[in-house]
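In: Need coordinates for the following:
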Amino acid sequence: QVQLVESGGGLVQAGGSLRLSCAASGGTFSSYPIGWFRQTPGKDRDFVAGISWNGGVIKYANSVKGRFTISRDNAKNTAYLQMNNLKSDDTAVYYCAASNGLVTASDGYHTWGQGTQVTVSS
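Out: The predicted structure follows:
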């Protein structure tokens, strides 16, 4: 079973950038589509971006299109989320997750990382 660990979160000013990483171990990372989600206290976990197993299909939430870029390096068992032009509304805990199909619903993902906090100050 694959295990996922996120890193790269932190505090950044509005307009700044961060790159999140999702490192996989213990399974066949290249078999799984990967999604990034985010969650704020008291709210559901929202889809941010997703990428198919080979990077051929990519999906973004409308709120991040043109600002965020998802990618993956199967040789390094790692997925990335490049976040540019960050806004205060992007403040959340960000999670990566693995699924058996590229979907936007969180219940379609079977393996989750522990999350990494992103805080954008205005």
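In: Now find how far off-centre whichever strand or helix holds Trp36 is within its chain.
Out: Using DSSP states H and E, Trp36 maps to strand 34-39. Distance of strand 34-39 from the chain centroid (C-alpha atoms, centre = their mean, to the nearest Å) equals 4 Å.
In: partner strands of that strand, parallel or antiparallel?
Out: strand 46-51 (antiparallel), strand 92-99 (antiparallel) (DSSP bridges).
In: Nearest to Arg72, out of those?
Out: strand 46-51 (5.5 Å; C-beta to C-beta). Where you see a C-beta, it was placed from the backbone N, CA and C, and this is true even at glycine.
In: Need the residues that contact whichever helix or strand comes after that closest one.
Out: Scanning forward in sequence from strand 46-51 by DSSP H and E, the next helix or strand is strand 58-60. Contact with strand 58-60 is made by 47-52, 68, 70, 102, 104, as judged by C-beta atoms under 8 Å, 6 or more residues apart in numbering.
In: The next helix or strand after strand 58-60: which residues count as buried?
Out: Next helix or strand after strand 58-60 toward the C-terminus (DSSP H and E): strand 68-73. Residues of strand 68-73 classed as buried by neighbour count (16 or more other C-beta atoms under 10 Å): 68-70, 72.
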